[in-house]
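Enquirer: coordinates only, sequence not included:
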């Protein structure tokens with residue numbers, strides 16, 4: 001499914017793994033001896049805070065706030081692929097540019113450690129990142145001077161690290177709660193094959209939200225709230241600058257968020273066709289999973305004591321480095337990674353219906369084809385509208401791209417044959433190609449989804465598909481029945497035209513069908 005060794009690559013070059021995080025970012029690589037190493041800065045810290053400060057003199061500082069900065073940007077990852085820019089001294093700065101500064105800093109760190117240039121990397125993304133967010137990540141890497149060999153979902157990277165380092169096998173749930181995003185993936189690990197069975201997530205749920213709850217409760221700054229939260233991971237009471245909060249109070253504040261994550265776990269298990277007691281283990285990823293209440297809640301809900309023996313902050317970077325090594329040098333134990341697409345991809349058909357081509361949770365990379373035909377006699381073009389989502393009607397899904405295939409022979413309705421091919425690569429980037437099988441005329445588009453979609457839309461897509469499932473089925477049935485009636489009317493009109501032209505019934509028909517005939521004639525003929 002995926003190449004274990006990237007074709008045509010130089011297996012002597014250095015390729016790193018990067019965890020581009022909302023709160024912290026890291027870079028790791030595999031030593032010649034096959035050991036994973038997370039690279040530290042001059043102070044010995046492996047984590048780089050995903051904070052970028054801009055000064056009036058043009059200096060950009062990554063990793064810490066500058067007191068004299070014009071602007072300091074946190075959590076830029078949350079805005080990737082969303083058309084949201086930041087204002088810095090009257091100038092607009094995109095999340096891509098902010099992320100590029102972080103990636104460039106990690107690139108320099110790797111080059112200083114390894115003593116040579118680094119131009120390629122495997123970069124991790126939340127499993128629930130859509131196409132726009134994934135493409136934005138690749139654009140940021142390019143701006144930083146890095147070629148992305150693979151975008152690797154963060155929960156999958158964690159499973160790779162545990163599977164290779166600890167030799168575990170079976171079905172696992174990866175609970176990944178970082179600073180800004182939450183992902184759950186259910187994976188099956190057998191004999192070096194890592195198959196993602198299901199993935200569900202929320203791109204607007206993470207440790208930052210817990211910081212906000214604490215800040216509102218205590219009326220303190222986010223920085224103070226974060227320090228208190230960190231203290232409470234090891235102590236029953238957290239006190240900073242005169243503000244204090246007990247662990248019990250924090251548990252009460254965060255209960256709704258934790259319950260939300262557990263509901264997402266249930267949805268992922270249902271998608272994978274598994275029950276909690278059929279799991280072989282649970283893996284915790286992300287610094288926020290250090291919170292005792294979260295670990296206890298996950299263990300109680302799923303019935304498994306979570307695996308925590310690998311550093312939750314570093315595990316994703318390690319998994320990315322292992323994947324990078326296997327794509328190039330292949331010096332680690334060989335493994336095959338089968339990822340899935342998080343949301344269904346399809347086309348609009350007549351009546352505003354959605355025809356799903358690649359259902360959600362389909363292993364990728366994948367290429368699937370479907371044949372379509374014309375709706376009306378003499379139709380010489382077909383509009384290809386690519387959509388993403390789980391609902392039955394186009395208006396309830398997300399529009400990705402539209403293009404028109406022209407040059408179709410003017411045949412009778414239903415006679416033309418148009419093949420539409422969806423090719424989804426390992427990074428989740430989609431290429432759509434439409435071809436008329438009679439003439440060979442072809443059009444294609446690489447899907448780079450329109451920016452500017454609201455933050456809530458992505459989060460709500462899967463939830464709405466569950467909430468409105470029954471209603472959507474009825475709506476689709478009604479639309480299909482309406483289409484079938486229209487086809488029958490068109491067929492009857494075509495037959496009637498043939499009869500009137502051949503046996504002179506044109507004068508008789510208005511008397512037999514005075515109103516309906518006039519209406520159909522005026523609108524369809």
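Expert: Cool, the structure landed. Since the structure is predicted, the reported quantities are computational estimates derived from the model, not experimental observations.
Enquirer: Listing request: residues of the stretch 401-525 of the chain with sub-threshold pLDDT.
Expert: For the stretch 401-525 of the chain, applying pLDDT under 70 flags the ranges 447-470, 472-473, 476, 479-480, 483-484, 486-488, 490-525.
Enquirer: do you know how far residue 254 is from residue 214?
Expert: Noted for residue 254: a distance of 9 Å to residue 214, by C-beta to C-beta, to the nearest Å. Glycine gets a C-beta too; all of them are placed from N, C-alpha and C.
Enquirer: Next, count neighbours for residue 17.
Expert: Number of residues near residue 17 (other C-beta atoms under 10 Å) recorded here: 32.
Enquirer: That should have said residue 180, apologies.
Expert: 25.
Enquirer: how about the helices in this protein?
Expert: Using DSSP state H, the helices of the chain run over residues 95-114, 131-143, 154-165, 207-218, 222-231, 247-272, 292-302, 315-328, 455-467, 469-503, 509-512, 514-524.
Enquirer: So which bits of stretch 235-243 are buried?
Expert: Neighbour-count burial for stretch 235-243, with 16 or more other C-beta atoms under 10 Å as criterion, is recorded at 238, 240, 243.
Enquirer: What's the mean pLDDT across it?
Expert: Mean pLDDT, stretch 235-243: 94.
Enquirer: For it, give the distance from the opening residue to the closing one.
Expert: The straight-line separation of the ends of stretch 235-243 (C-alpha to C-alpha, to the nearest Å) is 15 Å.
Enquirer: mind listing what residue 437 touches?
Expert: 371, 417, 418, 419 (C-beta atoms under 8 Å, 6 or more residues apart in numbering).
Enquirer: Buried members of the residues you listed into ChimeraX, please.
Expert: In ChimeraX syntax, the buried subset of the contacts of residue 437 is picked out as below (16+ other C-beta under 10 Å):
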select :418
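Enquirer: Format the contacts of residue 437 as TSV; extra columns: distance to residue 276.
Expert: Listed next are these as TSV, based on distance: C-beta to C-beta, whole Å:
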residue	distance to residue 276
371	41
417	47
418	45
419	43
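Enquirer: and the contacts of residue 437, which of them are in strands?
Expert: 371, 418, 419 (DSSP state E).
Enquirer: Which of the residues you listed sits closest to residue 141?
Expert: Set against residue 141, the nearest of the ones in strands among the contacts of residue 437 by C-beta to C-beta is residue 419 (33.7 Å).
Enquirer: so who does the closest one touch?
Expert: Applying C-beta under 8 Å, 6+ apart to residue 419 gives the contacts 369, 370, 371, 372, 434, 435, 437.
Enquirer: how about the residue lying closest to it once chain neighbours are set aside, what does it touch?
Expert: Closest residue to residue 419 apart from its sequence neighbours, by C-beta to C-beta, 6 or more residues apart in numbering: residue 435 at 5.0 Å. Residue 435 makes contacts with 405, 418, 419, 420, 421, 441, 442, as judged by C-beta under 8 Å, 6+ apart.
Enquirer: and the gap between the closest residue to the second one other than its chain neighbours and residue 349?
Expert: Yep, that's residue 418 we're talking about. Excluding the flanking residues, the one nearest residue 418 by C-beta to C-beta, 6+ apart is residue 372, at 5.0 Å. Distance, residue 372 to residue 349, using C-beta to C-beta: 7 Å.
Enquirer: again, but for residue 160
Expert: In terms of C-beta to C-beta, residue 160 sits 39 Å off from residue 349.
Enquirer: Next, count neighbours for the closest residue to residue 217 other than its chain neighbours.
Expert: Closest residue to residue 217 apart from its sequence neighbours, by C-beta to C-beta, 6+ apart: residue 253 at 6.1 Å. Residue 253 sits with 16 neighbouring residues when counted by other C-beta under 10 Å.
Enquirer: Quick check: pLDDT value at residue 253.
Expert: pLDDT, residue 253: 96.
Enquirer: what sits against it?
Expert: Residue 253 is in contact with 210, 213, 214, 217, counting by C-beta under 8 Å, 6+ apart.
Enquirer: Equivalent analysis for residue 430, please.
Expert: 131, 345, 386, 400, 422, 423, 424, 446, 447.
Enquirer: Poorly predicted segments of the stretch 1-150 of the chain, please.
Expert: 1-12.
Enquirer: quick one: the strands in it?
Expert: Counting by DSSP state E, counting those that start in this stretch, the stretch 1-150 of the chain has these strands, from start to end: 15-19, 24-30, 36-38, 48-49, 51-54, 60-62, 71-74, 86-88, 91-93, 120-125, 147-153.
Enquirer: got the contact list for residue 304?
Expert: If you count contacts by C-beta under 8 Å, 6+ apart, residue 304 has them with 276, 279, 281, 282.
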